[in-house]
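**Q** When you get a sec, could you give me coordinates for this:
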Amino acid sequence: MAKPGTKLVVLDRSHAIPLFTEVEAKHVEKGEHVCVIGESFLEMARPLLNITARAAEEIREYHVEVLKRFRQISGRSITEKLTFLVQKMGVAEASVENARYWIDIEDQLNIPIHEVVPHAPRHWNTFRAFMLALSFSEPIALRYWTWAVIAQRSHRMSAAINFHDAYRSILVDSYGAQSSNPERAKEVTKLRAAAENFVSIVSDKTEERGDNARA
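**A** As a prediction, the model looks like this:
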């Protein structure tokens, strides 16, 4: 069961090398190949690519880089710098109050890595705007979103849906998932190969009460 807007992972076999793509449930049709990220998938994936361990490698770097770039913004006060940053972002969720939390990370640099909490926007579009406003490239923003934000939240919020989102992001986003770490690239490649064993063909699709879709 999936809501129409739920993002599912579909294996696209139309390319020379099959690719995992992200598709809203309402657009998935009979005959398509959907990767089922359920309990069995998570049991398979954790030994191949442990999200919580990899997130720990990125979260501190993310905070260090954000703080360094924020300090480079011209301004006579923190509030003046935040106002400039928010205006540069140009998105509704960005406010001086929210942005103050996003850059209030100095304490996070001095606590044990397993206790670090990502100070970052909760939605990708806002996070992307925040990163671009701090002069990060979009590929680097995707990398931090995958590892420092989604993965770390999945670690602290153990609900299956959060791990689903983290592994989904890794399957469909090669650059953000692999980063420049050769060992991680190998792990991601192994995960994608193993994920093909969890792909099922949609045999039928029905809609119930206009709220849910079943594939």
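
**Q** Which residue ranges of the chain form helices?
**A** Listed in chain order, the helices of the chain (DSSP state H) span 39-48, 51-71, 78-89, 96-103, 124-133, 138-144, 152-156, 160-172, 174-178, 182-195.

**Q** helices or strands up against the last one?
**A** Applying 3 or more Cβ pairs under 8 Å, 6 or more residues apart in numbering; DSSP states H and E, one finds that helix 182-195 makes contact with helix 39-48, helix 160-172, helix 174-178. For every residue, glycine as well, the C-beta is placed using N, CA and C.

**Q** looking at those, which has the lowest confidence?
**A** Among the helices and strands packed on helix 182-195, helix 174-178 carries the lowest mean pLDDT, at a mean of 57.

**Q** Excluding covalently adjacent residues, which one is nearest to residue 125?
**A** Sequence neighbours aside, residue 91 is the residue nearest to residue 125 in space, at 6.5 Å (criterion: Cβ to Cβ, 6 or more residues apart in numbering).

**Q** any idea how far that neighbour lies from residue 21?
**A** Between residue 91 and residue 21 the computed distance is 26 Å (Cβ to Cβ, to the nearest Å).

**Q** okay, those two: which has more neighbours?
**A** In this view residue 91 and residue 21 are compared by other Cβ atoms under 10 Å, and residue 91 has more residues nearby, 16 against 13.

**Q** pLDDT score assigned to the more buried one?
**A** In this model, residue 91 is scored at 93, pLDDT.

**Q** And it, its phi and psi?
**A** phi -130, psi 160 (degrees, to the nearest 10).

**Q** List the contacts of it.
**A** Contacts for residue 91 were tallied using Cβ atoms under 8 Å, 6 or more residues apart in numbering; they are 125-126, 129.
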